[in-house]
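> generate coordinates for the sequence data below:
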Amino acid sequence: MENTENQGGTSLKRKIFITLVLFGFLVILPVGSWFYLKKGADFRMAQLEELKTKATLDFDAFKANYGNALPNDSFTNRAILIGKAENEDLEQLKGQLTNLEEQYAGSELINIVLFSTNETVRDWAKEGGDFPKIYFVEENFNSSLILNPIDQEVPNDFSWALIDNKGAVRNYYSADDFTDLIVQTAIILPTPKRAKIDLER
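Now for the predicted structure:
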């Protein structure tokens, strides 16, 4: 009799355990996944709202004024990240340039151009050893020559401007907004094409 009661108790516990496991798989896991995906979607939508076009880049004017900064074949279907280093914290700038080079050293999706008349920055450019994947222009950046604003004027105090591969200026950043720049650059860059794998028959 006692053995039968023990078996009944064990069987009940097993049923409860199985019910809880099924509840987790059928209810908790899907709901948790939905909240996780929704949070990601909401974040992306908020970022895209911030990345609405602020101005357009005149590619012809850029090539006419600063064409020597980039190879002729690098204007096609590539984003451009324009930096200005006039009176910046040079140690902070060097850290940001290092970060950008590590992120995009092998990328064919984006060009990074830094405008500066600062003597230390010019020395970096001439040495070419620290940042070989970043193009330096030894003059101050004149946005009125190449940027056509849409709803508001181009700010004078930005340190970085993010331009997509269609020539749309998506956002401006101060030196302290560098984390936002990294996140939003990843959002606007086109997905690289994957090489097709041919299966041998």
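> what about Asn148, how many neighbours?
By the criterion of other C-beta atoms under 10 Å, Asn148 has 14 neighbours. All C-beta atoms are positioned from the backbone trio N, CA, C, and that covers glycine.
> check the one 5 residues further on too.
Burial measure for Glu153: 11 neighbouring residues, criterion other C-beta under 10 Å.
> pull up the gap between it and Glu119, please.
Applying C-beta to C-beta, to the nearest Å, the value for Glu153 to Glu119 is 30 Å.
> same check, this time on Asp177
Going from Asp177 to Glu119 by C-beta to C-beta gives 26 Å.
> in terms of neighbours, single out the busier of these two.
A direct count of neighbours by other C-beta under 10 Å for Asp177 and Glu119 places Asp177 higher, at 15 against 8.
> hmm, Thr117 and Glu138 touching each other?
Yes - Glu138 lies in contact with Thr117 (C-beta atoms under 8 Å); the separation is 6.5 Å.
> overlap of the contact sets of these two?
Counting by C-beta atoms under 8 Å, 6 or more residues apart in numbering, no residue touches both Glu138 and Thr117.
> what ranges does this structure have for its strands?
For the chain, strands defined by DSSP state E occupy the ranges 55-57, 79-84, 110-115, 135-137, 147-149, 160-163, 168-173.
> any chance of these in CSV, plus mean pLDDT?
Output for the strands of the chain, formatted as CSV (pLDDT from 0 to 100):
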stretch, mean pLDDT
strand 55-57, 93
strand 79-84, 92
strand 110-115, 90
strand 135-137, 87
strand 147-149, 92
strand 160-163, 94
strand 168-173, 94
